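J.: Can you look at this prediction? I've put the sequence above it.
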Amino acid sequence: MSRLSILFLLAICLLSIVSGQMDAKTKKLIQLAKENNGVVKLDSNAYFKYTQGKREYGMVILLTALGDQFRCVPCREFDPEYKLVASSFRKGKEPNKVFFGHLDFQDGQAVYQQLALQTAPNVLYFPPSDASDKKDAIKYDLARNGFSAEPLAEFIKNQSGISFNVVRPFDYGLFLAKVILGLGALAILKLVYRYFSFILFHKNTWTAATILTVLVMTSGHMFNRIRNTPYSLPGPNGQLSYVASGFSTQYGIETQIVAAMYGVLAFAVVNLAITIPNFDDKWRQRAGVYIWVSCFIVVFSCLMALFKIKNEAYPFKILF
């Protein structure tokens with residue numbers, strides 16, 4: 001055998017060894033993903049191992065604080081949705097192009113310190129990278145997109161270019177319960193219809209329903225439905241935050257607070273315009289005016305204070 005042939009064989013062997021080493025991380029991730037329905041359990045060392053250097057794959061990592069001492073309700077709420085996305089991706093056509101990792105605070109305090117994270121949960125996406133590249137992680141905006149699996153799946157599709165569908169398991173128990181409740185409601189409705197049908201056709205019923213719909217819609221309910229906004233999120237100090245700063249985000253509980261304020265203000269105006277003038281006693285009229293005007297001023301001051309929380313530059317206030 002000539003020297004040229006020997007050198008050629010050696011080169012092939014070296015290339016196969018190098019390629020095997022480069023692909024070792026991918027092979028290990030495939031094995032770990034199969035063992036846990038698509039989610040790879042990480043610690044600090046594994047986090048740095050699979051997110052640094054050459055990557056022939058994309059890596060999605062969920063950072064949580066599930067310990068009882070942290071009381072991270074959003075972490076527990078989002079965890080099953082994240083697992084659903086991971087299991088759904090594994091059922092797609094390219095399950096080994098993107099892997100899903102999970103790093104809890106108890107296993108990855110070094111990572112939390114390096115990233116200077118003060119809140120949880122957080123989702124990071126690491127795109128494929130060459131050894132010479134230093135691509136930064138792309139953070140998924142949970143505050144804007146909420147905790148549902150579908151927006152996260154859409155985010156991964158956009159970043160990786162791989163299309164897949166979220167496959168939710170069919171809940172037969174819930175379906176059966178809904179059927180039983182539906183049949184029971186129809187039976188009850190048939191029994192009581194003759195006695196309460198006048199309520200359905202009364203103008204006050206439709207008036208109340210219309211006012212309630214207006215209050216709910218003007219408070220931002222449809223924004224929450226379209227954006228899948230979270231009900232609330234923990235603030236920097238770990239306590240729940242009820243008002244989201246900025247005009248482009250809001251929480252579900254925030255819209256409920258605003259709707260309640262709108263309702264009280266509307267009720268105060270209606271009483272001042274309709275109920276109070278019908279009182280025969282002037283002292284009752286005066287007391288009613290004082291009460292409802294005071295209520296209007298106090299609640300409207302709270303509404304302006306809430307608006308200032310969302311926009312610190314807002315210069316106006318009444319009482320607060």
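T.: Sure thing, it's come through.
J.: Strands along the stretch 151-300 of the chain, start to end?
T.: Secondary structure of the stretch 151-300 of the chain, counting by DSSP state E, counting those that start in this stretch: strands at 233-234, 240-241.
J.: Within the sheet, what are the partner strands of the last one, with directions?
T.: Same thing as strand 240-241. Using DSSP bridges, the strands paired with strand 240-241 are strand 233-234 (antiparallel).
J.: Give me the distance from the partner strand to the chain's centre.
T.: Distance of strand 233-234 from its chain centroid, counting by C-alpha atoms, centre = their mean, to the nearest Å, is 10 Å.
J.: Can you list the neighbours in contact with it?
T.: The contact list for strand 233-234 (C-beta atoms under 8 Å, 6 or more residues apart in numbering) reads Cys72, Val73, Pro74, Thr119, Ala120, Leu142, Ala143, Leu240, Ser241, Ala244, Tyr251. C-beta: built from backbone N, CA, C; applies to glycine.
J.: helix, strand or coil for the fifth one?
T.: Local secondary structure at Ala120 is given as coil here, using DSSP: H, G, I helix; E, B strand; the rest coil.
J.: burial count for it?
T.: Residues within reach of Ala120, counting by other C-beta atoms under 10 Å, total 21.
J.: Would you check that it makes contact with Phe105?
T.: Yes. Counting by C-beta atoms under 8 Å, Ala120 touches Phe105, with 6.8 Å between them.
J.: what is in contact with the two at once?
T.: Joint contacts of Ala120 and Phe105 (C-beta under 8 Å, 6+ apart) are Leu63, Thr64, Ala65, Phe70.
J.: Return the distance of the last one relative to Leu62.
T.: For Phe70, the distance to Leu62 under the criterion C-beta to C-beta, to the nearest Å works out to 15 Å.
J.: Show me which of these two is the more surrounded one.
T.: Leu62 (26 against 16).
J.: List the contacts of that one.
T.: So Leu62 contacts Phe78, Asp79, Tyr82, Phe100, Gly101, His102, Leu103, Pro121, Asn122, Val123 (C-beta under 8 Å, 6+ apart).
J.: and which of those residues is nearest Lys282?
T.: Phe78 (59.1 Å; C-beta to C-beta).
J.: pretty sure the closest one contacts Asn145?
T.: No. At 10.6 Å, Phe78 and Asn145 do not qualify as touching, with contact defined as C-beta under 8 Å.
J.: how deep is Gly220 tucked in, by neighbour count?
T.: 19.
J.: Tell me the spacing between it and Ser301.
T.: With C-beta to C-beta as the criterion, Gly220 and Ser301 are 20 Å apart.
J.: same thing with Asp141?
T.: 32 Å.
J.: Show me which of these two is the more surrounded one.
T.: Ser301 (14 against 11).
J.: In which helix or strand does that one reside?
T.: Element membership of Ser301 [criterion: DSSP states H and E] is helix 282-310.
J.: Can you mark which positions in that helix are buried?
T.: Gly288, Trp292, Cys295, Phe296, Val299, Phe300, Cys302, Leu303, Leu306 (16 or more other C-beta atoms under 10 Å).
J.: May I see these arranged in TSV, with distance to Phe170 and pLDDT as well?
T.: Compiled in TSV, the buried residues of helix 282-310 are given as follows (distance: C-beta to C-beta, whole Å; pLDDT from 0 to 100):
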residue	distance to Phe170	pLDDT
Gly288	56	92
Trp292	52	94
Cys295	50	95
Phe296	51	94
Val299	46	95
Phe300	49	94
Cys302	45	92
Leu303	44	90
Leu306	41	88
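J.: now, among those, which is nearest to Leu272?
T.: Of all these, Trp292 has the smallest distance to Leu272: 5.1 Å, by C-beta to C-beta.
J.: contacting residues for that closest one?
T.: When contacts are counted by C-beta under 8 Å, 6+ apart, Trp292 touches Ala268, Asn271, Leu272, Ile276.
J.: returning to what we had before: from the shared contacts of Ala120 and Phe105, which land in strands?
T.: Those of these mapping onto strands are Leu63, Thr64, per DSSP state E.
J.: out of the shared contacts of Ala120 and Phe105, which one sits closest to Lys157?
T.: For the shared contacts of Ala120 and Phe105, the nearest to Lys157 is Leu63 (21.4 Å; C-beta to C-beta).
J.: about what we covered before: if you count surrounding residues, which of Phe78 and Asn145 has more?
T.: Comparing Phe78 with Asn145 by other C-beta under 10 Å, the one with more neighbours is Phe78, at 23 against 18.
J.: List phi and psi for that one.
T.: With angles defined as degrees, to the nearest 10, Phe78 sits at phi -90, psi -20.
J.: What sits closest to it if chain neighbours are left out?
T.: By the measure of C-beta to C-beta, 6 or more residues apart in numbering, the closest residue to Phe78 outside its immediate chain neighbours is Phe147, 4.4 Å from it.
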